[in-house]
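Novice: return atomic coordinates for the entry below.
(one chain, ligands or ions: 2)
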Amino acid sequence: MKHNGLAFTTNIAASRGTTYCRLGGRIERRTEEGLVAVGTHGESFMETDPPASHPAPHGATGRDGAGPGLDGLAQVANKIRDAVETVIEGKPSVVRLALTVLLAEGHLLIEDVPGVGKTMLAKALARSVDCSVRRVQFTPDLLPSDITGVSAYNQELREFEFKPGPVFANIVVGDEINRASPKTQSALLECMEERQVTVDGTTYTLEPPFMVISTQNPVEMEGTYPLPEAQRDRFTARISMGYPDPAAELEMLETHGEASPLDRLTPVAHAADVRDLIDVVRRQHVSPAVRQYAIDLVSATRTHPELRLGASPRATLHLVRAARAYAALDERDYVVPDDVQELAVPVLAHRLLPTAEAQMDRRRPEQVVADLVERLPVPSPGK
Ligand SMILES: Nc1ncnc2c1ncn2[C@@H]1O[C@H](COP(=O)(O)OP(=O)(O)OP(=O)(O)O)[C@@H](O)[C@H]1O
Ligand SMILES: [Mg+2]
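Specialist: Ligands and ions are numbered 1, 2, ... in the order given. The predicted structure is shown next:
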C-alpha cells in the first residue's frame with residue numbers, strides 16, 4: 001500500500017515489469033515507462049468495498065523498515081479481533097481461528113447452516129484490514145474468467161489488455177462457493193495454491209497478503225457442486241460458526257438494531273502490517289518434538305480404520321503454520337503441543353473421508369481427529 005498524497009494505491013498484481021494498481025475504483029496498468037492504461041472493473045456479480053477515504057490506521061510500527069516483534073503482533077491482532085467482535089457476537093474462538101488463518105497465510109472455509117453470520121464474519125475480517133477486498137457471489141453461470149480476469153482488445157492502444165478479475169485483491173470473499181461449477185471453483189483454487197494467475201500464457205503474481213475466505217452451506221444441496229477433496233485440501237481450516245448463546249443473541253439484537261455495525265467498522269490495520277505480522281509468524285520456533293507430534297497426528301489419519309482418505313502432507317504444513325500463528329497470538333515465540341491440539345480438528349477434519357461403516361455408525365471425521373488428539377502421546381515440555 002502506498003500513500004501518494006491523494007488516495008491509497010494498492011498494488012494488485014505484477015508481471016514482466018508491469019504493475020496493476022487499484023486506485024479507488026480504477027485499475028491502472030503501469031510499466032517502467034509510467035502509466036499506460038486506466039480501466040475500471042465492475043461487473044455486476046462483483047461487489048467492491050468502498051475505497052479507503054479514512055485516515056491511515058496506526059499499525060504495529062511506523063513504516064520505517066523495522067518489523068514488529070511479538071508485542072506489536074499481538075497489539076495489531078487484538079485490534080483486528082476487537083474490530084471483528086464489534087460485529088460478530090459471542091464467537092471469540094471462531095474469530096481467533098479466522099485471525100490465525102490470516103496470519104498463517106492460509107485460506108478459510110466457513111461452513112454452516114444459513115443465517116449464522118458466515119458472510120458477516122468474512123466481511124468484518126476483510127473490512128478491518130485496510131487492503132483491497134473483492135467479493136464474488138458464486139452462481140452456476142459464473143465463468144473461470146469472471147474470477148481470474150480476461151485479455152480484451154483495446155481499440156485505442158491497438159493491443160490486448162489484461163483486465164484483472166476479482167482474485168486480484170488481498171482478501172477475496174467467495175460467497176457460497178459450492179454454487180459455482182467445478183471449472184470455476186478450480187480457477188479460484190488454482191490461484192489459492194499457486195498465488196498466481198495465468199491468462200493467455202502470461203503469469204501474474206498475486207501480491208501478499210492473499211487470503212480467500214469462502215462460505216458454504218452444507219444443508220441446501222440442490223443446485224450445488226460440493227468441493228472435491230483435492231480442493232478442500234487447499235483450505236487451511238474449516239470452521240463452523242454455530243448458534244450464538246442466548247446472551248450473545250440478545251446482544252446481537254441490541255447492536256444490530258437500527259444499522260449494521262459493519263457499516264461503522266473502519267480498518268484498524270494496513271495490508272503492510274499484516275505482511276509484517278506474517279513475517280513474525282514465519283520466524284516462530286517449532287521444536288523437533290512438536291514437529292514430530294504434528295506428523296504423528298497427520299500420519300495416524302492415514303492408517304485409521306474409520307477413514308478411507310487421510311490427511312495430506314499439505315495438511316501437515318498447514319497444521320504447523322497455523323500452530324505458529326496461534327502461538328504468536330498468545331505472544332509466545334514458540335509452538336507448544338497444545339497449539340497443535342487446538343487446531344487439529346479445524347485444520348484436518350475437512351480433508352478426511354470416513355469409510356462407509358463409519359458413516360453408517362454416524363462417526364464424523366471431527367470425532368476421529370478429536371479421539372486421535374486424546375490418544376496420541378504428547379511430547380513432554382522442554383523437548
Ligand atoms: N453471532 C452473530 N453475531 C452477530 N450477528 C449475527 C450472528 N449470527 C448471525 N448474525 C446476523 O445474522 C444475519 C445473517 O448473517 P449472514 O448473512 O452472515 O448469514 P450466513 O451464515 O452468511 O447465511 P447464508 O448461508 O444464508 O448466506 C446478519 O445480520 C448477521 O449480522
Ligand atoms: Mg452468506
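Novice: domains in this protein, as residue ranges please.
Specialist: What automatic domain parsing lists as the domains of the chain is 43-280, 284-375.
Novice: and of those domains, who's closest to ligand 2?
Specialist: Taking CB to the ion, domain 43-280 is the member of those nearest to ligand 2, at 3.3 Å. In this view, the C-beta of every residue, glycine as well, is placed from N, C-alpha and C.
Novice: quick one: that closest one to chain centroid distance?
Specialist: Centroid separation for domain 43-280 versus its chain: 5 Å, with CA atoms, centre = their mean, to the nearest Å.
Novice: do it and ligand 2 meet?
Specialist: Yes. Interface with ligand 2: domain 43-280 contributes 118, 119 (CB under 5 Å from the ion).
Novice: before we move on, back to that, mind checking which of the domains of the chain is nearest ligand 1?
Specialist: Taking CB to the nearest ligand atom, domain 43-280 is the member of the domains of the chain nearest to ligand 1, at 3.1 Å.
Novice: got a list of what the closest residue to residue 334 other than its chain neighbours touches?
Specialist: Counting by CB to CB, 6 or more residues apart in numbering, residue 334 lies nearest to residue 285, which is 4.3 Å off, once chain neighbours are set aside. Shown in contact with residue 285 (CB atoms under 8 Å, 6 or more residues apart in numbering): 333, 334, 335.
Novice: again with residue 116
Specialist: Shown in contact with residue 116 (CB under 8 Å, 6+ apart): 241, 242, 243.
Novice: filter these to the buried ones?
Specialist: For the contacts of residue 116, a burial check counting by 16 or more other CB atoms under 10 Å picks out residue 241.
Novice: dump the contacts of residue 116 into JSON lines; add pLDDT and distance to residue 353 as well.
Specialist: Shown next, in JSON lines, are the contacts of residue 116 (pLDDT from 0 to 100; distance: CB to CB, whole Å):
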{"residue": "241", "pLDDT": "93", "distance to residue 353": "23"}
{"residue": "242", "pLDDT": "93", "distance to residue 353": "23"}
{"residue": "243", "pLDDT": "95", "distance to residue 353": "27"}
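Novice: please name the nearest non-neighbouring residue to residue 84.
Specialist: Nearest residue to residue 84, sequence neighbours excluded (CB to CB, 6+ apart): residue 124, at 4.6 Å.
Novice: A helix includes the one you found, no?
Specialist: Yes. Counting by DSSP: H, G, I helix; E, B strand; the rest coil, residue 124 falls inside a helix.
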